[in-house]
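> Need coordinates for the following:
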Amino acid sequence: MNTFISKKLILISFIFTLCPISAQVKNTGIEKNWGPRHNRATISPSLVHLELSEKQGFKTVMVATRLMAADVPKETNWAVNDIPGGNPTIGIIDENGVYTAPTSIPSPREIHICAEVPEAVNRFLFATVIIGEEEPKYKPIHIWSEKKDDPDARMSGPHGIGLDQEGNILIADRGSSSVLRYSTTGDFIERIDDGSGSKPGEVNEPREVTSDVEGRIFVTDSKGDRPRVQVWNHKGEFQKIFAEKGRWQGMLLRAHGMDFDHLRRLFVVDVDNMAVKVYDKNGTSLFDWGEEGLAKGQFNAPHGLFVDRAGDVFVTGYYGPTQKFSPEGDFITDFGYGDPPDGAVYFHSVSGDKWGNAYLSVRSKGGYDGAMEGLGEGKHLSIMKFNNNGSFITSWAYSAIEHSESEVAITNDGIVYGLFIGPNDVGVETFVQE
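Okay, the predicted model is just below:
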């Protein structure tokens, strides 16, 4: 009898081993709540076009949840472009949320209505005012690049872009397996990593790079047998490595986009695990969330990630859409669906600014190969901008049609640095709103 039971246990163990790990239950570290969480607030309208001196009322509402009706917040603090009450140049907003447009056209014409609701878990809300009927336009002000056939070129396949504590540009270059620091005008400063390889401090086809409030530099190093996150201090001195390879909580298979929230938690999106991994500032796993699928709230090749000021998390799927979640992974809304044949069909990354606007790096029908080969398929489109609620704001392209998007980084004052790849060169183009 004991022998029979032993054989059955061995057989069950063998079957479980053969079972695809994706079919096994993952330890996410949190109990999933599929309904909206209490104490969330919304703002409306999300987007309006106004003429000079025209008025528009905005309001905030505490969202209804199970057995709780929607309600008016106890307090809402209104600001325009983060200036309490606004000013005559960008418009005035009163304590009741009534905005009055300026008497002359501001530059830029895109105005941000900011509402702080202290009792809401998403404390900061944003809406958009555009002065005039036309979409805002971005113009290039600078471009720098390295030629691919230049023996002194340091980049060969840039993939991710970020900004350091001083505003310098950080680039994760997959082609040369290096992490590089440049000035905003393209002057090379230094190589941060310790060389190409799998040892701590070395990198192998790095995907993304970002920095935290201390100036520490974080890199997702996601190819080969050792997917991981590595950390250097602001001076470029190696500090630590974290995350093991695997499918369980805190483990990585192909880490991609990442960002910090206001609590200094690091959110990392894992393409192959179809999940968001959350760590504390020291790299200790806190919890995971997300699952593969095509329904709202599920992931299909998630690539980019951005966390807004309220702590909400935006995740871009390579085939669309971009989805907005609470920090715990509760689905809120989505936007940025594929729009063939002339619109975007591939969505490589998402970045954000201080007002929660989402900037998608996109590719049209020709995709990356089409851009590289100059096929000209679909509309020439590189970057799409949506506001914090998913309302479309504007879109634009790199100056040269052969330049394909890779990713963008945005400063606090709204300057956009676009990383590009072309058939002959790679580099960064800088844009500002007119």
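> mind listing the strands for the stretch 301-434 of the chain?
Using DSSP state E, counting those that start in this stretch, the strands of the stretch 301-434 of the chain run over 302-307, 313-317, 322-325, 331-335, 346-352, 358-363, 383-386, 392-396, 404-410, 416-421, 425-433.
> what would the ones you listed look like in a markdown table with mean pLDDT and mean neighbour count?
In short, each C-beta sits where N, CA and C put it, glycine included. Shown next, in a markdown table, are these (pLDDT from 0 to 100; neighbours: other C-beta atoms under 10 Å):
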| stretch | mean pLDDT | mean neighbour count |
| --- | --- | --- |
| strand 302-307 | 97 | 25 |
| strand 313-317 | 98 | 27 |
| strand 322-325 | 98 | 23 |
| strand 331-335 | 97 | 18 |
| strand 346-352 | 95 | 24 |
| strand 358-363 | 94 | 25 |
| strand 383-386 | 97 | 24 |
| strand 392-396 | 96 | 17 |
| strand 404-410 | 91 | 24 |
| strand 416-421 | 96 | 25 |
| strand 425-433 | 97 | 21 |
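> quick one, which of those is nearest to I90?
strand 425-433 (13.3 Å; C-beta to C-beta).
> Which elements pack onto the closest one?
When contacts are defined as 3 or more C-beta pairs under 8 Å, 6 or more residues apart in numbering; DSSP states H and E, strand 425-433 packs onto strand 138-147, strand 416-421.
> hmm, who's touching it?
Residues outside strand 425-433 that contact it (C-beta atoms under 8 Å, 6 or more residues apart in numbering): 108-110, 136-148, 155-158, 161, 169, 171, 182, 184, 186, 383, 396, 398-399, 403, 414-420.
> what about burial for those, which qualify?
Buried subset of these (neighbour count, 16 or more other C-beta atoms under 10 Å): 108-110, 136, 138, 140, 143-146, 148, 155, 158, 161, 169, 171, 182, 184, 383, 396, 398, 403, 414-420.
> returning to what we had before: and the strands of the stretch 301-434 of the chain: which comes nearest K277?
Distance to K277, taken as C-beta to C-beta, is lowest for strand 302-307 among the strands of the stretch 301-434 of the chain, at 10.1 Å.
> Show the residue spans covered by the helices in this protein.
Residue ranges of the helices in the chain, as given by DSSP state H, are 2-18, 367-373.
> tell me the average confidence for the longest one?
By that I understand helix 2-18. The pLDDT scores in helix 2-18 average 43.
> which residues sit in contact with the nearest residue to A115 once chain neighbours are set aside?
Counting by C-beta to C-beta, 6 or more residues apart in numbering, L125 is the residue found nearest to A115 once chain neighbours are left out, at 4.3 Å. L125 makes contacts with A41, T42, I43, T60, C114, A115, E116, V117, A310, N388, as judged by C-beta under 8 Å, 6+ apart.
> Look up the pLDDT of the residue nearest to the fifth one when sequence neighbours are not counted for me, please.
What it means is C114. Excluding the flanking residues, the one nearest C114 by C-beta to C-beta, 6+ apart is A79, at 4.2 Å. If you check A79, the pLDDT there is 99.
> and what of Y398?
95.
> E405 is in contact with that one, correct?
Yes. Counting by C-beta atoms under 8 Å, E405 is a contact partner of Y398 at 7.2 Å.
> Now do the shared contacts for the two.
Counting by C-beta under 8 Å, 6+ apart, the common neighbours of Y398 and E405 are S382, G418, F420.
> Show me which residues of stretch 243-252 are buried.
Buried residues in stretch 243-252, counting neighbours by 16+ other C-beta under 10 Å, are found at A243, R247, Q249, G250, M251, L252.
> before we move on, back to that, export the helices and strands packed on strand 425-433 to JSON lines and tack on distance to G304?
Converted to JSON lines, the helices and strands packed on strand 425-433 look like this (distance: least, C-beta to C-beta, whole Å):
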{"stretch": "strand 138-147", "distance to G304": "19"}
{"stretch": "strand 416-421", "distance to G304": "13"}
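> out of those, nearest to P200?
Of all these, it is strand 416-421 that lies closest to P200, at 26.3 Å by C-beta to C-beta.
> residues making contact with the closest one?
Under the contact criterion C-beta under 8 Å, 6+ apart, strand 416-421 has outside partners 138, 145, 157-158, 160-161, 163, 169, 171, 184, 359, 361, 368, 372, 382-383, 398, 403-411, 426-432.
> likewise stretch 152-163?
146-148, 169-176, 178, 180, 188, 191, 206-211, 220, 349, 406-409, 411, 417, 419, 421, 426-428.
> can you rerun that using 7 Å?
Applying C-beta atoms under 7 Å, 6 or more residues apart in numbering, the contact partners of stretch 152-163 are 146-148, 169-176, 178, 180, 188, 207-211, 406-409, 411, 417, 419, 421, 426.
> before we move on, what about stretch 400-410?
158-163, 348-349, 351-353, 359, 361-363, 368, 371-372, 374, 376, 380, 382-383, 416-423.
> same deal with stretch 48-58?
43, 97-105, 113, 127, 129-133.
> What's the PyMOL line that selects buried ones from those residues?
For the buried members of the contacts of stretch 48-58, the matching PyMOL selection, counting by 16+ other C-beta under 10 Å, is:
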select buried, resi 43+97+99+100+101+102+113+127+129+130+131
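> Take the contacts of stretch 48-58 and keep only those in strands.
Members of the contacts of stretch 48-58 lying in strands (criterion: DSSP state E): I43, V98, Y99, T100, I113, A127, V129, I130, I131.
> which one among the residues you listed gets closest to P88?
Comparing the ones in strands among the contacts of stretch 48-58 against P88 with C-beta to C-beta picks out T100 as the nearest, at 9.4 Å.
> Okay, the closest one and I421: tell me how far apart.
To I421, T100 is 45 Å away according to C-beta to C-beta, to the nearest Å.
> Now do the contacts for E202.
Applying C-beta under 7 Å, 6+ apart to E202 gives the contacts D193, D194, G195, S196.
> Can you give me the neighbour number for the residue nearest to the second one when sequence neighbours are not counted?
Computed as C-beta to C-beta, 6+ apart, the closest residue to D194 that is not its neighbour in sequence is G201, at 3.8 Å. Neighbourhood size, G201 [other C-beta atoms under 10 Å]: 17.
> Surely G201 touches F238?
Yes. If you go by C-beta atoms under 7 Å, G201 and F238 touch, sitting 3.9 Å apart.
> Name the residues contacting each of those two.
In contact with both G201 and F238: D194, using C-beta under 7 Å, 6+ apart.
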